[in-house]
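Colleague: The sequence and its predicted three-dimensional model are supplied below.
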Amino acid sequence: MSRNRNEERTGFQESAPYHPDYDLQTDFVMVYGIDETMPQRIQAWKDKGYIVHLMTGVAWGEYNDYLDGAFDGEEHWDEAQTDRHGDMILHGKQPVIPYMVPTISFGRYIAERIRIAVDAGVEAIHLEEPEFWVNGGYSEAFKREWQLYYKEPWTAPHTSPEAQYRASKLKAYLYTRVLDRLCAEMKDYALKRYDRVLRFYVPTHSLVNYTQWRIVSPQSQLIELPSIDGYIAQIWTGTSRTPNVYEGVRKERTFETAYLEYGVMQELVRGTDRRMWFLHDPIEDNPNHTWTDYQQNYLKTVVASLLHPGVAHYEVSPWPRRIFKGSYPAEDGRGKERIPPEYATTLLQVMHTLGNMEQNVHQADEEPLQVGLLIADSAMFQRMKSDPNAPGAGKYDGTDPEGFLETGDTELLDFSPFYGLALPLIKHGIPVRPVQLDNVRRYSSYLSSYRVLVLSYEFMKPEYPDIHNALAQWVRDGGALIYVGDDSDPYHNIRHWWNDDRLRNEAEGGLRSPREHLFTQLGVRPVKEQVHAVGQGALTWLEVNPAELALSAAGADRLRQAVKRTVSFLRGNDADWKPKHYYKLQRGPYVIASVLEESVSRKPLVIPGPLVDLFDPKLRVLEQAILEPGRQGLHFDVTAGRPSDHQVAVIAASSRIEELIQTEAGFHFSARGPANLRASARLYCPTKPLSAHYACQDSSQPVSMAWDWDSATQTVLLEYEHGNGNHAKVHVSWGEGS
């Protein structure tokens, strides 16, 4: 469990000053905000042994000195994101905090504020959430940027699909520009002034969520910026519980949505040298849920993230102060209550376990069929339906209704064209990963790890024609492509490369959609619903809007049968098609599993032991784990993880365990963590203990501690507290002289 903090495997963000009650003992902390207290807060966390980063919003923040003109003598309120009614789009009302149009002058302002953090010695900067709302694009600053970018007069985004698409594309560009300039300038400053290589990261929601919530962000465009070192995948209950539709039923599906969100973020950096941290949040921004609700959904997101083993770094919590010091509705509806001690212990166990996830991966079952579902940044660009009767159109009339996230009017957020392709496979246990279409042209071998891809241009568009060259070659080399679409999307008619006059003249009758260009590159005129050989690969075309596949069981099965037919055509049989009602993966000694609802079976999943349940605050040893549908599990395989020398070793703990030393008479270690919280640790122990005690740093008196020996596995459970000083020395004796 002990490791070097320089690995930066785990961290958290916090805007408050250091406090022992939420000293999580991760590797690094992201001090949030660039107000006048920032240098003092940075130093306080440094003094506690943390590697210190800085995080601040790049789209919003308490930047009123800039807006009011104190920064450069010029007011900048015309740079606030504004909707078609002239209202500012706000992140906060007291004080007024608008989302910003990322102009060059705004970038200069952020750079000057960040310079103070560089002077204070931070190792890295996180520029959070470069977000431009789809219903924005009406401010004077944005109109000026439109004229400079497109070299033509501004067009109101709500007037047509083309105007909406072009406005959104510009929004993504503006954030790419400001981040590139800002990060490059600050890296140069840190190196010249302090001989320090400063790192920059972008904490961002997933492409799936931003598209669903109607927000535009650069996403994969940032991969092309050498000044950006990576991302934090900001995925949590609040994003993943957004309802979607499967077989006509609209509801929250937190695990399945989180699985897709983490998947697309892993794909974002696959094949690059960029760092990715996966975020979890033990609660969420909505303060109206109970602790039971928070815990159930938190565990779903944790397991969903661990099923993507390409990432092994984690932000274990945003805002731990609101977790360990906050109060939320009681289960009986009477008032509010603080975090239950059992949940607090479980959280700390999970957080410290996450720091040990750099493990060899073992499929717990036969190697599964993995399906890539292509998605592009352009999905964010076309979140308007001109036809209110079109599948998945909802009630959208050209602009987002005010406060749609707060009022619960979430019909607009279903994103059924995407989920209609993803959920039918996920619900049958077929691993589906959203594949970043934009990366296809960036890396020649990007698609090589996939044998099956699903694609539709009814909710996104390919930004460049050479994407089709790569896709066509992948199919000819043996890939199975299932294309779903009927060319009904009005965005097919926007000005873009497939509508270029030259391409129109070369194609008989012109190109109505980018799908036609792709089929031309494949050299086929496919018959709908049939499988066609293309080189060593195969193509199947379902002529249907993918949103319709979400509306019924028949629609979901139609997609599954198309994938099965195509795979069987290539393999000569359907042996690769193995539906199941769960996902299971082993990373070193850690067994990760989720059992699905709405699936092919309602039976529980049985995992043989002996196992330690890492979601159990008592870290109980189980002969077997039994997971019912809708449940998730994270277990430690006692046999697989046992040290070869049979020495004392940590299995799991709700503390940062350091200085573990074994003697002839027993063992002892240092345990660090939040003040006064109940802590537990289970360790391999070759001999049954005789006694155990601990002493907190703030007390010289040792205290006898509860312990429980499991003779079958030769492990011991210890229970103790960290004390006000966040540091306890634990001693376990099994013989004389300890």
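Modeller: Structure received.

Colleague: For residue 249, list the residues it contacts.
Modeller: residue 598 (C-beta atoms under 8 Å, 6 or more residues apart in numbering). In short, each C-beta sits where N, CA and C put it, glycine included.

Colleague: try the one 10 residues further on
Modeller: Taking C-beta under 8 Å, 6+ apart as the criterion, residue 259 is in contact with 304, 307, 426, 583, 594.

Colleague: and of the residues you listed, the nearest to residue 110?
Modeller: residue 304 (32.9 Å; C-beta to C-beta).

Colleague: just for the stretch 301-450 of the chain, where's the confidence low?
Modeller: Applying pLDDT under 70 to the stretch 301-450 of the chain flags residues 363-368, 384-413.

Colleague: can you map out the helices along it?
Modeller: For the stretch 301-450 of the chain, the helices defined by DSSP state H, counting those that start in this stretch occupy 320-324, 341-354, 404-407, 416-426.

Colleague: and those helices as CSV, adding mean neighbour count and distance to residue 651?
Modeller: Below are those laid out as CSV (neighbours: other C-beta atoms under 10 Å; distance: least, C-beta to C-beta, whole Å):
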stretch, mean neighbour count, distance to residue 651
helix 320-324, 21, 24
helix 341-354, 22, 9
helix 404-407, 12, 41
helix 416-426, 26, 31
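
Colleague: Any chance of JSON lines for those helices, columns distance to residue 205?
Modeller: Shown next, in JSON lines, are the helices of the stretch 301-450 of the chain (distance: least, C-beta to C-beta, whole Å):
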{"stretch": "helix 320-324", "distance to residue 205": "19"}
{"stretch": "helix 341-354", "distance to residue 205": "20"}
{"stretch": "helix 404-407", "distance to residue 205": "13"}
{"stretch": "helix 416-426", "distance to residue 205": "15"}
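
Colleague: who wins for proximity to residue 224 among the ones you listed?
Modeller: Nearest to residue 224 among those is helix 416-426; the distance by C-beta to C-beta comes to 24.3 Å.

Colleague: and that closest one, what does it pack onto?
Modeller: strand 244-246, helix 254-269, strand 371-375, strand 432-436, helix 553-571 (3 or more C-beta pairs under 8 Å, 6 or more residues apart in numbering; DSSP states H and E).

Colleague: Could you dump those into CSV with distance to residue 215 added?
Modeller: Below are those laid out as CSV (distance: least, C-beta to C-beta, whole Å):
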stretch, distance to residue 215
strand 244-246, 17
helix 254-269, 14
strand 371-375, 15
strand 432-436, 17
helix 553-571, 27
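
Colleague: Looking at these, which is nearest to residue 6?
Modeller: Closest among the helices and strands packed on helix 416-426, using C-beta to C-beta: helix 254-269, at 20.4 Å.

Colleague: Check which element follows the closest one along the chain.
Modeller: Proceeding N to C from helix 254-269, the next assigned helix or strand is strand 275-279, under DSSP states H and E.

Colleague: Distance check, residue 440 against residue 474.
Modeller: Going from residue 440 to residue 474 by C-beta to C-beta, to the nearest Å gives 8 Å.

Colleague: Common neighbours of the two, please.
Modeller: Common neighbours of residue 440 and residue 474, counting by C-beta under 8 Å, 6+ apart, are residue 447.

Colleague: got the residue ranges for the helices in the stretch 551-700 of the chain?
Modeller: Under DSSP H, counting those that start in this stretch, the stretch 551-700 of the chain gives helices at 553-571, 638-641.

Colleague: Just name the most buried of those helices.
Modeller: Neighbour counts (mean count of other C-beta atoms under 10 Å) averaged over each of the helices of the stretch 551-700 of the chain peak at helix 553-571, with a mean of 18.

Colleague: And the contacts of residue 259, which is closest to residue 674?
Modeller: residue 304 (25.7 Å).

Colleague: Grab the nearest non-local neighbour of that closest one.
Modeller: Closest residue to residue 304 apart from its sequence neighbours, by C-beta to C-beta, 6 or more residues apart in numbering: residue 258 at 3.7 Å.

Colleague: which one of the helices and strands packed on helix 416-426 lies closest to residue 89?
Modeller: helix 254-269 (23.4 Å).

Colleague: follow-up on the earlier one: what about the helices and strands packed on helix 416-426, which gets the closest to residue 191?
Modeller: Closest of the helices and strands packed on helix 416-426 to residue 191 is helix 254-269, at 24.1 Å (criterion: C-beta to C-beta).

Colleague: Which stretches in the stretch 151-300 of the chain count as helices?
Modeller: Taking DSSP H, counting those that start in this stretch, the helices of the stretch 151-300 of the chain run over residues 161-194, 207-213, 237-240, 254-269, 291-306.

Colleague: tell me how far stretch 71-86 is from the chain's mean position?
Modeller: Stretch 71-86 sits 31 Å away from the centroid of its parent chain (C-alpha atoms, centre = their mean, to the nearest Å).

Colleague: got the CA positions of that stretch in CSV?
Modeller: Extracted in CSV, the C-alpha atoms of stretch 71-86 (Å, rounded to 0.1, in the frame of the first residue of the first chain):
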residue,chain,number,x,y,z
PHE,A,71,-7.8,44.3,-14.8
ASP,A,72,-7.1,46.5,-17.8
GLY,A,73,-9.4,49.5,-17.5
GLU,A,74,-12.0,48.1,-19.8
GLU,A,75,-15.3,46.4,-19.0
HIS,A,76,-15.8,42.9,-20.4
TRP,A,77,-19.4,42.1,-19.7
ASP,A,78,-20.0,41.7,-23.4
GLU,A,79,-17.8,38.6,-23.2
ALA,A,80,-20.4,36.7,-21.0
GLN,A,81,-22.1,33.8,-22.8
THR,A,82,-25.5,35.1,-23.8
ASP,A,83,-28.6,33.3,-25.0
ARG,A,84,-31.0,34.4,-27.8
HIS,A,85,-33.1,36.5,-25.4
GLY,A,86,-30.1,38.5,-24.3
